[in-house]
Structure formats: C-alpha cells, structure tokens
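Enquirer: would you be able to build a 3D model of this:
(one chain, ligands or ions: 1)
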Amino acid sequence: MRFDTRLLHDGLPTDTATGGVNPPIVLSSTFAQSAPNKNRGYVYSRSANPTRTQLETLLARLEGGATGLAFSSGLGALATLLEHFPSGSRIVAGQDLYGGTWRLLEHHRRQFGIEPVYVDTRDAEGVGRELARARTAMLYLETPSNPLLQLADIAALTRLAHRRRALVVVDNTFATPALQRPIEYGADIVLHSTTKYLGGHSDIIGGALVARTPQIGERLTWLQNAVGAVPSPVDCFLVIRGIRTLGVRMRAHQQGARAVAEVLSGSRKVRAVHYPGLAEFPQRALARRQMSGAGGIVSSELAGGRRAALRFLKGLSLFTLAESLGGVESLVDHPASMTHASVPRREREAHGITDGLLRFSCGIEDPADLAEEVRAALRRV
Ligand SMILES: *Cc1c(COP(=O)(O)O)cnc(C)c1O
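Expert: All right, here's what the predicted structure looks like:
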C-alpha cells in the first residue's frame, strides 16, 4: 500500500461492534472489571483509551515506528519526554527551534539541572563536536526548523549521535510523515504537534511521540501514564479524521507555498526567502534526498525591517495574522513579536529571526489567490 492509501486503510479497522467506518469515540474514563485486575485491556483512560489507541496505532504505522503515543499538546509530549533524562544530562538541540521548545528546555535547565546546548544543525562537524562531550543524552532536531526552514541531515547526524549512545529525537511537525519519515533514517523518537498538519483544521491542540523500538516505546508509555498529559477521546478522533486527508492537504499546501515563495523571491523588497522548494535554497540537495516535498511553510525577511513587515500585514484578507500553522486556512506570523517572543532578542537576531521576518503557513486556498494577495501586500511595503 502506498502512503496516501495507508492514511485510510492502515491501522484504521472498521468498528467490529457496529461496522461503522469511523472509530467510535469512547468517552468512558474508567472500565468495568470482571474481577479485580481482570479487564479487556482498558482500565482507566489516562493509561489507555480505545479511541486514543486507534490514533496511536495510526501514528506508529505512518512514521514506521514500534509505538505511537498521543498527548494533550506538542509541548505536553516534549515535557513527558524530558522526564526521561536525569539531571546533569546534556541535550544538543538545533539553534532554530519552536519558541515554546526553547522555553521548556531552558526551564529544565534552571529547575532540574538539564544542560541544553544549541548548535547549527546544518553543520554536521559542529554537531559532532558537541555530541562528543560527556553526558550527552539526546540530540534534538527540528527539520525543517521553525521559522527559518533550516534542514538537518537526519541520517548523518543520527550516525554521529548513536556512536555516543545519545537518543535522537526529531520534531517532524513541519514535514509530517507524508513528506519525511525520520525513523527510516535511524531516529529513535519522532515528536509532533498534532495541532498543526496532522489535525489540519485548527480545531484541536495535541501532540505525539513515536518510538522506533518497543523498548523505547515501553519507557515512553510508562511516562505517558505517570505524567498524564493525555488528549481527550474527542480530540483523538479529530486528529484521526485530519490524518485521513493528510496526503491531499500536503499537496495543496505545497502548491500554495510554492506560489507564495516565487512571488516573494521575485521582489526587490525582499531580502531573503526560506523555502526548501526553491532552486536557490542552500540545502536543496538534502531537501531532495530526505523529503518527498518541500511542505507548506515559507518564511521571508523583508528588506524594510519591522516597519515593512507591519505594513505588509495590514490589509491582508486571506492570510489571518495568528500563531500556529498547518491548518487548511492560510496564516501569517511575525515571529519576533509572536511565536518567538520568548527567545531573547540578541539570541533571536544572532541566527536570523529579525524584525523583518514573516512566516507564512499556506493553506489550501487556490494558489493564484494566495500569490495575488502577497503581490498586493508587497506593493504596500
Ligand atoms: C507548535 C509546535 C510545537 C508545540 O506544539 P503545541 O501543540 O503547540 O504544544 C512544537 N514544535 C513545533 C515545530 C511546532 O510548530
């Protein structure tokens, strides 16, 4: 079965009790036992819930891992994962990260003695040097990264990390398994904010972890139950429903993103366009090798800085100014003052999140309409 077919038929059995083509939403928090500790696999819905199991099975199949686990948010998934590491552990992470990921890693530094270090994941040698230092327990990659769309070579960096016995975790939120499956390149754990493309409709907050091996899966399953950051069965159902159309949506997102990136890259008012699908993208070869498509996110730095960015945003009608991404409707974000405001200015600017940067999450509208709107906005700048 090819990927788009698997979205509909792999891991989503017909409901055996009724023949329903959709999984039932099981709202019970607890389950009857025939005798103490005699049950049908379900005891209490923090530990396991039938609707969540359906989603978790689907996630594991799509990413090619042994175990899938669903969480109440992407950061809930990360917080649960961080519970695995004893204090004193070093975490080597990409320098261009989702702002909330950075904030949580820094919290763990202050509170629990975890030691995050940030590296340019485009530079394998530099990553290798950091991995070689003692007590490095995890390599944490976001590829493409948020918001600068920098790529990390998952296979190459995983080989380096595994030599040091560090766990490799890849945040696959931007690419989704439709375009990139990190476990195929050796990664140990894939993390998702299912809030984004997997849910796909901007109507739930959710997260996921997928483990490559049953052993890692067992440890994460234990932590999932111990911490309890689990999603509701209704939210699980909505993510399942979103996943069914992931293939067609990603193709549409990509067409919109390409149209927007081309308009931006053709304008004198634009200093830089970051989109893995453009011929001039510096890591184009890696994008081709590692991803089967360039995705739906484009970021771009306007030459006129903050003033230009604010003018650009005024009067947009198809792109809603909002945090988040990956929904069917187009959104635009000003990272410096919105999603990445928690990162100190100096750190932000040092690696390219300037006041002129805008991040576009291209929806599934007609690409020509998106291109027209961006062209008109550039005229105002
Ligand atoms: C949104 C996002 C997260 C955090 O997920 P939430 O569901 O908002 O908690 C993590 N990583 C990336 C790349 C994201 O875009």
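
Enquirer: got the residues of this protein near the ligand?
Expert: Applying C-beta under 6 Å from any ligand atom, we find that the chain lies next to the ligand at 73-75, 98, 100-101, 142, 146, 171, 173-174, 193, 195-196, 205, 207. C-beta here means a position set from N, CA and C on the backbone, and glycine is covered the same way.

Enquirer: can you tell me which of those residues are buried?
Expert: Taking 16 or more other C-beta atoms under 10 Å as the criterion, what is buried in the residues of the chain next to the ligand is 73-75, 98, 100-101, 142, 146, 171, 173-174, 193, 195-196, 205, 207.

Enquirer: lowest average confidence, helix or strand, in this structure?
Expert: For the chain, using mean pLDDT, DSSP states H and E, the weakest element among its helices and strands is helix 345-350, scoring a mean of 86.

Enquirer: who's in contact with the helix or strand following that one?
Expert: Next along the chain after helix 345-350, taking DSSP states H and E as the criterion, comes strand 357-361. Strand 357-361 has contacts (C-beta atoms under 8 Å, 6 or more residues apart in numbering) with 146-147, 257, 260, 296-302, 309, 312-313, 319, 324-327, 330-336, 339, 374.

Enquirer: so of these, which ones are in strands?
Expert: Judged by DSSP state E, strands contain the following of the contacts of strand 357-361: I297, V298, S299, S300, E301, L302, L331, V332, D333.

Enquirer: convert the C-alpha atoms of stretch 239-255 to CSV, please.
Expert: Presented in CSV, the C-alpha positions along stretch 239-255 are these (Å, rounded to 0.1, in the frame of the first residue of the first chain):
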residue,chain,number,x,y,z
VAL,A,239,-6.7,14.0,14.7
ILE,A,240,-7.7,10.7,13.1
ARG,A,241,-10.1,12.5,10.8
GLY,A,242,-7.4,15.0,9.9
ILE,A,243,-4.9,12.3,9.1
ARG,A,244,-7.2,10.7,6.5
THR,A,245,-6.8,13.8,4.2
LEU,A,246,-3.1,14.5,5.1
GLY,A,247,-1.9,13.4,1.6
VAL,A,248,-4.2,15.6,-0.4
ARG,A,249,-3.8,18.5,2.0
MET,A,250,0.0,18.4,1.9
ARG,A,251,0.0,18.6,-1.9
ALA,A,252,-2.3,21.6,-1.8
HIS,A,253,-0.3,23.3,1.0
GLN,A,254,2.7,22.8,-1.1
GLN,A,255,1.3,24.3,-4.3
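
Enquirer: check which residues of that stretch are buried.
Expert: 239-247, 249-250, 252-255.

Enquirer: tell me where this structure has strands.
Expert: In the chain, the strands defined using DSSP E lie at 67-71, 90-94, 115-119, 136-142, 167-171, 189-193, 207-211, 270-274, 297-302, 320-321, 331-333, 357-361.

Enquirer: render the CA-only coordinates of stretch 182-200 in CSV, please.
Expert: C-alpha atoms of stretch 182-200 as CSV (Å, rounded to 0.1, in the frame of the first residue of the first chain):
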residue,chain,number,x,y,z
PRO,A,182,12.8,10.3,10.4
ILE,A,183,12.7,6.7,11.8
GLU,A,184,13.6,5.5,8.3
TYR,A,185,16.9,7.4,8.7
GLY,A,186,17.5,5.9,12.1
ALA,A,187,15.9,8.5,14.5
ASP,A,188,14.8,7.0,17.8
ILE,A,189,11.8,9.1,18.5
VAL,A,190,9.6,11.4,16.4
LEU,A,191,7.7,14.2,18.0
HIS,A,192,4.7,16.0,16.6
SER,A,193,2.5,18.9,17.5
THR,A,194,-0.7,17.3,16.0
THR,A,195,-2.2,20.7,16.5
LYS,A,196,-0.7,21.5,13.1
TYR,A,197,-0.8,19.5,9.9
LEU,A,198,-1.9,16.1,11.4
GLY,A,199,-5.0,17.7,12.9
GLY,A,200,-5.0,20.0,10.0
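
Enquirer: which parts of it are buried?
Expert: In terms of neighbour count (16+ other C-beta under 10 Å), stretch 182-200 has its buried residues at 182-183, 185-200.

Enquirer: one step back: which pair of the residues of the chain next to the ligand spans the longest distance?
Expert: Between any two of the residues of the chain next to the ligand, the greatest separation by C-beta to C-beta is 18.6 Å, found for E142 and I205.

Enquirer: now for the protein, which residue lies nearest the mean position of the chain?
Expert: The centroid of the chain falls nearest to T173 when counting by C-alpha atoms, centre = their mean (1.6 Å).

Enquirer: isn't it up against K196?
Expert: Yes - in this structure T173 lies within contact range of K196 using C-beta atoms under 8 Å: 5.2 Å.

Enquirer: shared neighbours of these two, anything?
Expert: Common neighbours of T173 and K196 (criterion: C-beta under 8 Å, 6+ apart): G74, G326.

Enquirer: so for the lengthiest helix in the chain, mean pLDDT?
Expert: Selection of the longest helix in the chain by residue count, based on DSSP state H, yields helix 246-265. For helix 246-265, mean pLDDT rounds to 98.

Enquirer: let the chain start at 294 from now.
Expert: Got it, first residue is 294 now, which makes that one helix 539-558.

Enquirer: sweet, I'm off.
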